[in-house]
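Peer 1: Got a predicted structure here, sequence first:
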6 protein chains.
Amino acid sequence: MSTRPVLTDQQASEKAQKLFNDIRRTRETDYVNNFWRCLANDPAQASELWSRLQQVMQPGALDPLVKELVYIAVSTANGCNYCIHSHTAAARAKGMSSEQHSELLQVIAMASATNALANALQVPVDDCFDEADAG
Amino acid sequence: MSTRPVLTDQQASEKAQKLFNDIRRTRETDYVNNFWRCLANDPAQASELWSRLQQVMQPGALDPLVKELVYIAVSTANGCNYCIHSHTAAARAKGMSSEQHSELLQVIAMASATNALANALQVPVDDCFDEADAG
Amino acid sequence: MSTRPVLTDQQASEKAQKLFNDIRRTRETDYVNNFWRCLANDPAQASELWSRLQQVMQPGALDPLVKELVYIAVSTANGCNYCIHSHTAAARAKGMSSEQHSELLQVIAMASATNALANALQVPVDDCFDEADAG
Amino acid sequence: MSTRPVLTDQQASEKAQKLFNDIRRTRETDYVNNFWRCLANDPAQASELWSRLQQVMQPGALDPLVKELVYIAVSTANGCNYCIHSHTAAARAKGMSSEQHSELLQVIAMASATNALANALQVPVDDCFDEADAG
Amino acid sequence: MSTRPVLTDQQASEKAQKLFNDIRRTRETDYVNNFWRCLANDPAQASELWSRLQQVMQPGALDPLVKELVYIAVSTANGCNYCIHSHTAAARAKGMSSEQHSELLQVIAMASATNALANALQVPVDDCFDEADAG
Amino acid sequence: MSTRPVLTDQQASEKAQKLFNDIRRTRETDYVNNFWRCLANDPAQASELWSRLQQVMQPGALDPLVKELVYIAVSTANGCNYCIHSHTAAARAKGMSSEQHSELLQVIAMASATNALANALQVPVDDCFDEADAG
């Protein structure tokens, strides 16, 4: 179930089909996942997002696998079922080992627990953490 | 402001003081931050958490800096001001460069945006993402 | 699956049936959706909520469609799958065009991204935003 | 800092002053906290909310202290700093002991950790948990 | 669908099988629910979590049913579908009546509404709520 | 306090200064708020975000004030204090009346309450809400 149609290739507009083909070329697979088929109801936003996503997730000061781990962490905290699934699959495709997955889950669980404790205690932020002044 | 006292060394119980000294030894600094001073109103929980935290954040299949980046990501999505501050400081202490910080923020922002889109569209999860069967 | 029965008309208490009929009259349809059938296990709360909902969503300083868009936005950020579905359908019934839906999603995605950035950066609130003093 | 004025008694409308006095009588204190002074910019909503709050938090199948503990739990997970503060104070006023506070925090931390794990693993809900059928 | 296999007894490692048997003994049932079957892909974390969970949820200054109510509240605010289901079932098994369930939902709904209002209004925390000084 | 410097004009890089001046021109005010001064530590991301923000928030199928109301709603649900402040100020600058603000808060509070109820009840989504098929 979705709030907008999951577009097949036939249903997609010309601009959306162009995006699907770009996704296929980049990922070297014929499969286009539902997120893009659903977002492509607004082909302009979908295309712009796809292009920014490529840029953000490319190798840089952080490597692509680390970026996927961060992506899973955010998606988990936000409770986004789709993104948890798709980015866990992406991390695995980029080489995430079972041990790395386990440690990732441990850090996410630990952070979630201490986030709740720091919130519940309303712990005042230590002055030494401040970076406001660049002077 | 906090919902439990931020304990000074003088106010801390014997067990809490022991924890503070363990924190000092481990981190090689005299400074004990407010989270532990506040949590130490329940010295047993504080000590157990400290010990688990050391274990979870130690080098393993993921390196300690990557774990801090994941910690920041979770804390940001959960809106925990204290943990965002303390773990950004920790990541910096473990060598996070300004470029890495920038890329981390870019991934967090991108994940937050696509989480919202996937939720709003209620995109159905693709069958190919399923790992339920180990067979 | 649900944590309380989804009551059929036959299973509903007299007070719950009265609510279902009120919903039918107001919406001019025979269909009563699962939210009310599930909430009606506590008929008093369900009836009170239904009555407040009518009041809150009626035309006023904001028109009903704008209120539905706000409802979708909150439900998306809270990750409430049911409410995203039901209020997207409601917005469409109140005239939300495909273009409006697209722009709504763009604003939600943008807000989610900048929320994450402002949180991660812990940006201090500018004094000029304060409205605390009515003087 | 707030997004609407924190109304003093002098600044409050007649209806808002009436509410402030009702709060004072009910709580047997002259102090009216900022939440009500801020919400009272919409005196109708403030008065209606105050009346419902009294009803929801009164002794019933659950006792008032348990209700305050649940309130703290929700406010913590939602990251609402104000409500964490005000309802921790309220729970203390209703007799929450230091030991109860400690155990509450332990449950909140444990739930937050397992919520994250269940989300990250996307654990399928067991059929036996379903209550959908009342038959 | 899940991001890691839901392990059958046959697929589980020796350590995981030992955990499953411990769960069976403690709960006096042959049924092991999916959360543990999924988490047991990391048998060390699963076993440690199971042991802490027993400790946190045992009778203490708060009784076990109250702890389950708090667990449901946190899971609801975090939008964790699995935990809402499993802990509602657990609360029912520990004696939660239909009236208690209704009142729990009323408090959760009320807290969610006022959390949003306090956040939207950015109400400044009253000085009298502060517990930072133990002096 | 912030996790990156709040850059003054003097501290800003050339690219960041160019952005600040663009913000000044567009908004017809000399004031540049802290969000941009903080984000400008990564001038490329800041500039790209500023340009996309202008595009997303411009008049279209939804008018700019409606977009601000949606922005406030998302920011409130995400608990982003900075964005709640800045976008409430922006909405006011775009003509949000006190009555509109009150109604916005009422819808946000109502949505937050029913989101929690639908989550806690795990209400199954009605088939009639599905838009997956475009056929």
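Peer 2: Thanks, I have it.
Peer 1: Point out the residues in chain A that sit beside chain D.
Peer 2: By the rule CB under 8 Å from any CB of the partner chain, the part of chain A lying against chain D is A:72, A:76-77, A:79, A:81, A:84-85, A:88, A:104-105, A:108-117, A:119-122. Bear in mind the C-beta positions are built from the backbone N, C-alpha and C, glycine included.
Peer 1: can we see that at 6 Å?
Peer 2: Within reach of chain D by CB under 6 Å from any CB of the partner chain, chain A has these residues: A:76, A:79, A:84, A:105, A:108-109, A:112-113, A:116-117, A:119-120, A:122.
Peer 1: correct me, but A:Met1 touches F:Glu131?
Peer 2: No - between A:Met1 and F:Glu131 there is no contact under CB atoms under 6 Å: 8.0 Å.
Peer 1: can you pull the contacts of A:Gln107?
Peer 2: That one is not Gln; residue A:107 is Val. Taking CB atoms under 6 Å, 6 or more residues apart in numbering or on different chains, we find A:Val107 in contact with B:Lys67, B:Val70.
Peer 1: same check, this time on the one 5 residues further on
Peer 2: Counting by CB under 6 Å, 6+ apart, A:Ser112 makes contact with D:Ser112, D:Ala113, D:Ala116.
Peer 1: In TSV, list those residues along with pLDDT and secondary structure.
Peer 2: Shown next, in TSV, are those (pLDDT from 0 to 100; DSSP: H, G, I helix; E, B strand; the rest coil):
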residue	pLDDT	secondary structure
D:Ser112	98	helix
D:Ala113	98	helix
D:Ala116	98	helix
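Peer 1: Keep only those of the residues of chain A next to chain D that are in strands.
Peer 2: The strands, defined by DSSP state E, take in nothing from those.
Peer 1: which SSE is the spatially most central residue of chain A in?
Peer 2: By CA atoms, centre = their mean, chain A has its centre lying nearest to A:Tyr71, at 4.2 Å. Per DSSP states H and E: A:Tyr71 is located in helix A:64-77.
Peer 1: For the nearest residue to A:Tyr82 once chain neighbours are set aside, give its distance to F:Leu49.
Peer 2: Using CB to CB, 6 or more residues apart in numbering or on different chains and skipping residues adjacent in sequence, the residue nearest A:Tyr82 is B:Ala118, 4.0 Å away. Distance of B:Ala118 to F:Leu49, given as CB to CB, to the nearest Å: 21 Å.
Peer 1: How many residues are close by the residue nearest to A:Tyr82?
Peer 2: A count of neighbours around B:Ala118, defined by other CB atoms under 10 Å in any protein chain shown, yields 26.
Peer 1: What of A:Asp30?
Peer 2: By other CB under 10 Å, neighbour count at A:Asp30 equals 7.
Peer 1: contacting residues around it?
Peer 2: Applying CB under 6 Å, 6+ apart to A:Asp30 gives the contacts A:Arg24.
Peer 1: Can you read off the pLDDT for the closest residue to A:Leu49 other than its chain neighbours?
Peer 2: Distances taken as CB to CB, 6+ apart place A:Leu39 nearest to A:Leu49, at 6.9 Å, with adjacent residues excluded. On pLDDT, A:Leu39 comes in at 98.
Peer 1: Now name the helix or strand holding A:Gly60.
Peer 2: Here A:Gly60 is covered by no helix or strand, with elements defined by DSSP H and E.
Peer 1: In contact with it, which residues?
Peer 2: Contact partners of A:Gly60, counting by CB under 6 Å, 6+ apart, are B:Glu103.
Peer 1: How much space separates it from C:Gln122?
Peer 2: Distance of A:Gly60 to C:Gln122, computed by CB to CB: 24 Å.
Peer 1: Could you measure from A:Thr114 over to B:Ile72?
Peer 2: 12 Å.
Peer 1: A:Ala16 now?
Peer 2: A:Ala16 sits 35 Å away from B:Ile72 when distances are taken as CB to CB.
Peer 1: More neighbours: those two, which one.
Peer 2: The neighbour comparison of A:Ala16 against B:Ile72 (other CB under 10 Å) goes to B:Ile72, with 28 against 23.
Peer 1: Leaving out sequence neighbours, find the closest residue to the more buried one.
Peer 2: Using CB to CB, 6+ apart and skipping the chain neighbours, the partner closest in space to B:Ile72 is B:His87 (5.0 Å).
Peer 1: ok, that neighbour touching B:Ala73?
Peer 2: No - B:His87 lies out of contact with B:Ala73 (CB under 6 Å); the separation is 9.5 Å.
Peer 1: more crowded one of the two?
Peer 2: Using other CB under 10 Å as the criterion, B:His87 and B:Ala73 rank with B:Ala73 on top: 32 against 27.
Peer 1: any idea how chain A splits into domains?
Peer 2: Following automatic domain parsing, chain A resolves into domains at A:1-58, A:60-119.
Peer 1: Give me whichever of those domains is most buried.
Peer 2: Mean neighbour count (mean count of other CB atoms under 10 Å in any protein chain shown) peaks for domain A:60-119 among those, with a mean of 23.
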